[in-house]
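Q: Take a look and give me a structure for this.
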Amino acid sequence: MDVQVWMASKEVADRLDVHVRTLRNWLDLFVPAQERLKNPQGHYLISEAGFEVLKEVKERKDNGNSSLKDIQRQLIEEGRLSEDMLLEEFAGAEETAVTISATNKLGTGMREVELTVHETLVQFQQELTQLSSMNHMQTTILQKIADIEEMQESLRLEMRRVTFELDLMQQRLTRRKERYARYEPRWSLNPFRWFTRSDRAAEQ
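A: Purely as a prediction, here's the structure:
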């Protein structure tokens, strides 16, 4: 009983001297599904029959100017490939288109979600800024109120001082008026009064 030997895509790419990405494109065009598998890590495993087909593709590609499509048609005409490969290619292309469309829709949805999150974040930052401004405004208002209260207290003290000084001045003025009223007859401005007493004294 023959044992099927599977080769990793990296090994096949090294043997054919092509890039792994190029090899993956060739698998869809030239290797039937039963001749290639995927391991749990998502890497292709290729059978010996699949490797021989790819080896033939590499030789024709190196020896001529045929495109991959031309080489595929040639191999189908020679019976080395089944015509089902064309159907598989079409199904693969359709599946790829569906995948791309779904990816685009997913990308659009993700962008919308990202935009919504960004807008929400910006709005939240604006609200925080407003709240910070309100807190700053509240602090400023409280400081102004404290300054006004301090000024009012200073004004009350100043008014008390002025009132005290006015009372004191009023008291001094009152005493001066009383003193002036008491000594006014002695210090009259009538010049005749100055000589009346002296004349009387001389006559006596």
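Q: pull the helix or strand with minimum mean pLDDT from the protein.
A: helix 191-203 (a mean of 53; mean pLDDT, DSSP states H and E).
Q: Which of the helices or strands spans Leu37?
A: For Leu37, the enclosing helix or strand under DSSP states H and E is strand 36-38.
Q: Please tell me how far that strand is from the chain's geometric centre.
A: Computed by C-alpha atoms, centre = their mean, to the nearest Å, the chain-centroid distance of strand 36-38 equals 46 Å.
Q: what does stretch 43-63 contact?
A: With contacts defined as C-beta atoms under 8 Å, 6 or more residues apart in numbering, stretch 43-63 is touched by 4-10, 12, 15-18, 23-24, 26-27, 30-32, 35-39, 66, 68, 71, 74-75, 80-81. Using the backbone N, CA and C atoms, a C-beta is placed for each residue, glycine as well.
Q: Tell me where the chain has helices.
A: Here the chain has its helices, by DSSP state H, at 9-16, 20-30, 48-63, 68-77, 84-183, 191-203.
Q: need those helices in TSV with mean neighbour count, can you?
A: TSV is the format used below for the helices of the chain (neighbours: other C-beta atoms under 10 Å):
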stretch	mean neighbour count
helix 9-16	16
helix 20-30	16
helix 48-63	16
helix 68-77	15
helix 84-183	10
helix 191-203	8
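Q: And those helices, which one averages the lowest pLDDT?
A: Among the helices of the chain, helix 191-203 carries the lowest mean pLDDT, a mean of 53.
Q: show me what contacts Val31?
A: Contacts of Val31 were listed using C-beta under 8 Å, 6+ apart, and they are 46, 50, 53-54.
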